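Trainee: need coordinates for the following:
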Amino acid sequence: MHVIIIGAGEVGYELAESIRRKGHDIVIVDKDERACQRVRNLDIKVIKGNGARPELLKSLDIRKCDFFFSVTDDNETNLVTCALAKSNTCTTIARIKGLEYINNPVSKRFSQIGVDFAVSTEMIIAQEISNIISVPSAINMNISMGGKINVLEFKILEHSKVEGKKLKDIKLPKRVNLGGIIRDKNVLVPHGNTVLREGDTLIVMTGGKSEIRHMMKLIGKRRKRISSVMIVGATDIGINVSRILERRKIRVILLETSNSRARKAAEMLKETEVIVGDARDKRILIEEGILRVDAFASCTSSEEFNVLVSLLAKIYGVDKTIAVVKELGLKSLIETVGIDMAASPQLQTARMMLRLARDLNPLKAISFHGGDLYLLETMVDEDSPVLGKKLREIELPTGTLIGAFIRGNKTVIPHGNTELKQGDQVMIFVLKEDIEKVEEIF
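Mentor: A predicted model of the protein is given here:
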């Protein structure tokens with residue numbers, strides 16, 4: 001298939017990297033030479049120029065395009081380029097920033113002007129942050145395969161029912177698979193004789209809410225539920241997180257340095273307590289209840305600020321801290337220094353777009369623990385070497401685990417005799433050094 005991407009920033013780079021692995025023909029366009037130079041490392045066609053210029057779009061042979069992504073930082077550019085590129089066969093997907101345009105993660109509001117899907121950066125990341133806050137024992141959460149499979153990270157707490165036990169002696173729910181264990185900054189490949197310890201982080205795959213509740217009982221939790229949260233930054237993300245948590249009956253304190261932004265947030269939020277103040281001021285944090293909240297999320301436009309105040313919240317004993325970051329390279333690094341979750345709007349936007357472009361069958365990858373462990377998401381097609389094979393017949397690298405797959409509308413946690421069929425959407429846990437081997441196998 002022929003794919004055109006306008007914008008070689010973090011979103012465009014993530015899209016190109018995921019799509020290229022399946023051998024599709026990709027062209028990416030950006031005005032910035034540094035962005036172009038970075039994406040050239042992916043060995044795809046790169047054009048330096050303004051993607052909104054009709055003559056440039058015409059030179060890209062739009063008529064042959066199957067998927068057209070416009071993911072620059074400018075909404076107008078993204079809408080205009082999609083409108084210019086739209087044809088009967090081309091699917092157009094635009095990145096949209098700001099609540100004034102759309103108020104859902106994915107919208108067809110602009111379909112009449114040629115934009116098949118508009119994807120809201122702020123709404124997607126706000127939903128992710130709210131979900132991870134709402135699951136008390138989880139420290140990270142990803143939703144894959146069109147929302148049918150949950151991938152969560154659980155930390156084993158003091159007095160947990162599984163602490164000190166071997167995996168083979170723990171009765172996990174049927175629709176749960178353990179993909180990896182993070183212990184003392186190392187990734188362990190789980191096996192039956194592995195003994196779980198307090199402080200271990202388990203990467204768990206599950207297909208439903210009942211299994212999540214079961215895991216929470218096994219792992220142990222500090223509180224019955226999250227009841228109070230402090231949000232820093234009355235940005236579109238911060239306001240959306242506050243609004244979602246309000247609906248879930250969670251008390252929210254929103255801290256903002258700007259009087260005008262705080263006033264705007266107070267007008268938009270019904271139950272949230274909006275405070276004007278600087279989160280770097282320890283006195284203000286203590287006065288506004290940092291010692292009593294269950295979770296903390298910094299959602300300002302400065303990732304340095306977000307990391308700093310999230311670390312400060314951790315020092316004050318907040319169980320769950322989240323920092324919004326822009327650079328994808330910082331995400332995994334930050335999660336190794338004490339912050340529970342680095343939330344990347346760009347990464348989540350790219351992942352949502354890849355779900356919308358299912359026909360591309362891209363090999364999607366979610367990294368854990370600084371990039372040492374990955375969860376690959378792919379599909380078994382008619383030319384796949386694993387088609388018709390049982391799992392026990394597939395020679396996977398040591399430490400690689402097929403965690404789950406979707407067949408039709410059914411979530412399957414596989415076993416050795418499970419046979420892979422055409423159309424199966426498969427999720428695979430793999431160590432970083434074995435990614436290329438697994439790509440060749442599938």
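Trainee: most centrally placed residue in this protein?
Mentor: When C-alpha atoms, centre = their mean is applied to the chain, the residue found nearest the centroid is residue 348 (4.3 Å).
Trainee: that one falls within a helix, correct?
Mentor: Yes. Residue state for residue 348 (DSSP: H, G, I helix; E, B strand; the rest coil) corresponds to a helix.
Trainee: now do the buried residues in stretch 366-380.
Mentor: Applying a neighbour-count criterion of 16 or more other C-beta atoms under 10 Å, one finds 366-370, 372-380 buried in stretch 366-380. To be clear about C-beta, it is placed using only N, CA and C from the backbone, and glycine gets the same treatment.
Trainee: out of those residues, which is nearest to residue 65?
Mentor: Of all the buried residues of stretch 366-380, the one sitting nearest residue 65 is residue 379; the distance, using C-beta to C-beta, is 21.5 Å.
Trainee: returning to what we had before: pLDDT-wise, what's the bottom of the buried residues of stretch 366-380?
Mentor: Within the buried residues of stretch 366-380, pLDDT reaches its minimum at residue 370, with 60.
Trainee: from residue 16, how far out is residue 82?
Mentor: With distances taken as C-beta to C-beta, to the nearest Å, residue 82 is found 17 Å from residue 16.
Trainee: counting neighbours, go ahead and name the busier of the two.
Mentor: Neighbours of residue 82 and residue 16, each counted by other C-beta atoms under 10 Å, are more numerous for residue 82; the result is 26 against 23.
Trainee: with adjacent residues omitted, what lies nearest to the more buried one?
Mentor: Nearest residue to residue 82, sequence neighbours excluded (C-beta to C-beta, 6 or more residues apart in numbering): residue 92, at 4.0 Å.
Trainee: do the same with residue 307
Mentor: Once flanking residues are discounted, residue 307 sits nearest to residue 323: 5.1 Å by C-beta to C-beta, 6+ apart.
Trainee: where does the stretch 101-250 of the chain dip in pLDDT?
Mentor: Low-confidence segments of the stretch 101-250 of the chain, defined by pLDDT under 70: 136-147, 185, 208, 220-224.
Trainee: which element is residue 252 on?
Mentor: Per DSSP states H and E, residue 252 falls inside strand 251-256.
Trainee: continuing past that strand, what's the next helix or strand?
Mentor: Read in the C-terminal direction, the helix or strand following strand 251-256 is helix 259-268, with elements assigned using DSSP H and E.
Trainee: now that following helix: buried residues?
Mentor: Taking 16+ other C-beta under 10 Å as the neighbour-count basis, helix 259-268 is seen to contain the buried residues 261, 262, 265, 266.
Trainee: hang on, the earlier thing: pretty sure the residue nearest to the centre of the chain sits against residue 125.
Mentor: Yes. Counting by C-beta atoms under 8 Å, residue 348 does reach residue 125; the two are 5.2 Å apart.
Trainee: returning to what we had before: CA atoms of the host helix or strand of the residue nearest to residue 307 as PDB?
Mentor: Using DSSP H and E, the secondary-structure element containing residue 323 is strand 320-324. Below are the C-alpha coordinates for strand 320-324, written out as PDB (Å, rounded to 0.1, in the frame of the first residue of the first chain):
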ATOM      1  CA  LYS A 320       0.900   7.200  41.900                       C
ATOM      2  CA  THR A 321       2.500  10.000  39.900                       C
ATOM      3  CA  ILE A 322       2.100  10.800  36.200                       C
ATOM      4  CA  ALA A 323       4.100  13.300  34.100                       C
ATOM      5  CA  VAL A 324       3.000  14.400  30.600                       C
END
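Trainee: partners of that strand, with directions?
Mentor: Partner strands and pairing direction for strand 320-324 (DSSP bridges) are strand 295-298 (parallel), strand 341-343 (parallel).
Trainee: mean confidence for it?
Mentor: Across strand 320-324, the average pLDDT comes to 92.
Trainee: cool, and stretch 23-37?
Mentor: Along stretch 23-37, the predicted confidence averages to a pLDDT of 93.
Trainee: from the chain's centroid, how far away is that stretch?
Mentor: Computed by C-alpha atoms, centre = their mean, to the nearest Å, the chain-centroid distance of stretch 23-37 equals 23 Å.
Trainee: can you give me the buried ones in it?
Mentor: 24, 26, 27, 28, 29, 30, 31, 35, 36.
Trainee: nearest to residue 148, of these?
Mentor: Closest approach between these and residue 148, by C-beta to C-beta: residue 24, at 24.2 Å.
Trainee: which ones are touching that closest one?
Mentor: The neighbourhood of residue 24, defined by C-beta atoms under 8 Å, 6 or more residues apart in numbering, consists of 1, 2, 3, 360.
Trainee: quickly list what the second one is bridged to.
Mentor: Applying DSSP bridges to residue 2 gives these bridge partners: residue 25.
Trainee: most neighbours, which of the contacts of residue 24?
Mentor: For these, the largest number of neighbours (other C-beta under 10 Å) sits with residue 3, at 23 neighbours.
Trainee: let me see the contact set for it.
Mentor: Under the contact definition (C-beta under 8 Å, 6+ apart), the residues listed for residue 3 are 19, 24, 25, 26, 27, 65, 66, 67, 68, 69, 360.
Trainee: which ones among those residues are found in strands?
Mentor: 25, 26, 27, 67, 68, 69 (DSSP state E).
Trainee: give me phi/psi at the residue sitting furthest away from the middle of the chain?
Mentor: Computed with C-alpha atoms, centre = their mean, the maximum C-alpha offset from the centroid of the chain is found at residue 55, amounting to 35.4 Å. Note on residue 55: its backbone torsions stand at phi -70, psi -30 [degrees, to the nearest 10].
Trainee: hmm, back to that, list the contacts of the strand holding residue 323.
Mentor: Under the criterion C-beta under 8 Å, 6+ apart, residues 125, 129, 132-133, 139, 226, 233, 237, 294-300, 303, 306-307, 309-311, 313-314, 334, 338-345 lie in contact with strand 320-324.
Trainee: of these, buried ones?
Mentor: Counted by 16+ other C-beta under 10 Å, the contacts of strand 320-324 give 125, 129, 132-133, 139, 226, 233, 237, 294-300, 303, 306-307, 309-311, 313-314, 334, 339-345 as buried.
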